[in-house]
Every structure is written in structure tokens, then in C-alpha cells.
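Participant: Sequence and predicted structure are below.
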Amino acid sequence: QKEVEQDPGPLSVPEGAIVSLNCTYSNSAFQYFMWYRQYSRKGPELLMYTYSSGNKEDGRFTAQVDKSSKYISLFIRDSQPSDSATYLCAMSAPGRGSYIPTFGRGTSLIVHP
Amino acid sequence: GAVVSQHPSRVICKSGTSVKIECRSLDFQATTMFWYRQFPKKSLMLMATSNEGSKATYEQGVEKDKFLINHASLTLSTLTVTSAHPEDSSFYICSAPFGGTEAFFGQGTRLTVV
């Protein structure tokens, strides 16, 4: 079992839909949780960062962490074609390892007009 | 957020030649930087940790003589792919930690060896 599991998709939704992206993990030491957006042939861009269970909202994005279930989610409201990208979840443990996240393989999202 | 600049964004080279990729932290100092490799539709794979003023730390299975890393200053790390072969073709990405727990990534370099 991989440390971080993420469905690669692709996930195709119409413009304006609510998107739900998810990851599960097995390492209880993970305390920091991140979502990155990666456009084709570009480096990952940090979208959301959280270190506690619960929800964190930033504009149209909401990150949700459930440590008891080892499950994290990213919700995108009012999705736009410009949101089409690969979304990578990432998580890390405290200490030096916090700089070196373990990544999921990414979910490809396609928002069509 | 912090900016990490990676150059070049794309490079094509012939088999047997060497290619250097630069990673710069533009508005902060980074004593440590990380180099990743990403295959199509795959996750990022950590190759090595670049340490300013000392030797890089390589992950298991990564050939240190093939992937030379130099971290000569607090804002620059370089990855040199030596004697490149077609199987080295990939997307290489650097990152630098910032603020204690976050990492910011460069734009990535698409290497094609022909």
C-alpha cells in the first residue's frame, strides 16, 4: 500500500460544478497537509496548506482534513475552465521531513465550458 | 508567496552530452533545496536534497555520478545530468522550503535526450 493514495482521474465536470478531490493516507505521522495545482509542463503551485483536522477555506477552495479517517479533500466551488489542471495532494511529518512532502500521483481535472 | 525560479524550462540535448539545470530562490535564502523527477501521469519522485556548502544527499536508487548537484550559494542550486541518455528524459523540478513547513516549487524543466 502506498503512503498516499489519489485517484488519477481524469475527472470531467461542467463549468460551475462543485468539484471534490480526495486523498487517503496510511502514515499517522503526517501532520501537514497540502494541495498543489499543476498545469501541464509547469511546476506545482501551492494552493492550500493546513495542519489540523477540519475545514480551511480560501476563496472558492476548501480543504478538509479528517485525521481519524486519514482522509483529506479539496473542494472547488463554481469551477472554471481555468481550474483545469492536475491537483496533487501532499503531506508531511514534523521535523526536517516537513519540507519534503509525500505526494499523491495527482488527479487530472477537466472543467468544460 | 516565495518565488523559486528554474531555468531552462525546456532543453533538448544529444545522447552523451551533459545538461545543467538551475534553481534559484529569488526573494529568500535557501540552505536546502530539493530536486524531483516526474514521469508522465506519475507523482513527483524525490531525487536528492541539495545542501548549501556540503554534499547533496541522494535518495536510494539515484545515481549521484549521473545527477551532479551543486549548491554553491544560499540562492542557487544546480542539477547536472551527465552523459545523458534517452531514459533520462523527464520533467525535473526543484523546490525550496520556506517559512518552516512549506515548500515552493520551480517551474520545472522538460529534458528531452535524443
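Facilitator: Perfect, I can see it now.
Participant: The one helix or strand in chain B whose mean pLDDT sits lowest near chain A anywhere?
Facilitator: Across the helices and strands of chain B, the lowest-confidence element by mean pLDDT, DSSP states H and E is strand B:102-105, at a mean of 83. Yes: applying CB under 8 Å from any CB of the partner chain, one finds strand B:102-105 touching chain A at B:Glu102, B:Ala103, B:Phe104, B:Phe105. Placement of C-beta: from N, CA and C, glycine included.
Participant: Most neighbours among the residues you listed, which one is it?
Facilitator: Ranked by neighbour count (other CB atoms under 10 Å in any protein chain shown), the residues of strand B:102-105 next to chain A have B:Ala103 at the top, with 27 neighbours.
Participant: so who does it touch?
Facilitator: Counting by CB atoms under 8 Å, 6 or more residues apart in numbering or on different chains, B:Ala103 touches A:Leu46, A:Tyr99, A:Ile100, A:Pro101, B:Phe34, B:Ser95, B:Ala96, B:Pro97.
Participant: just to revisit the earlier point, walk me through which strands the least confident helix or strand of chain B pairs with, and which way each runs.
Facilitator: Neighbouring strands of strand B:102-105 in its sheet, by DSSP bridges, are strand B:90-98 (antiparallel).
Participant: Once you drop chain neighbours, what's closest to B:Phe105?
Facilitator: Excluding its sequence neighbours, the residue lying closest to B:Phe105 (CB to CB, 6 or more residues apart in numbering or on different chains) is A:Gly43, at 4.0 Å.
Participant: can you pull the contacts of the one you found?
Facilitator: Under the criterion of CB under 8 Å, 6+ apart, the contact list for A:Gly43 reads B:Val4, B:Gln6, B:Ile93, B:Ser95, B:Phe105, B:Gly106, B:Gln107, B:Gly108.
Participant: Apply 7 Å and report the result again.
Facilitator: Residues near A:Gly43 by CB atoms under 7 Å, 6 or more residues apart in numbering or on different chains: B:Gln6, B:Ile93, B:Phe105, B:Gly106, B:Gln107, B:Gly108.
Participant: just B:Val4 next, same as before
Facilitator: B:Cys23, B:Ser25, B:Cys94, B:Ser95, B:Ala96, B:Phe104, B:Phe105, B:Gly106.
Participant: Ranking by neighbours, what's the top pick from the residues you listed?
Facilitator: Highest neighbour count within those, by other CB under 10 Å: B:Cys94, with 31 neighbours.
Participant: Quick one: residues contacting that one.
Facilitator: By CB under 7 Å, 6+ apart, the neighbours of B:Cys94 are B:Val4, B:Gln6, B:Cys23, B:Met33, B:Phe34, B:Trp35, B:Ser77, B:Gly106.
Participant: Please apply the same query to B:Thr78.
Facilitator: Residues near B:Thr78 by CB under 7 Å, 6+ apart: B:Lys20, B:Ile21, B:Glu22, B:Asn70.
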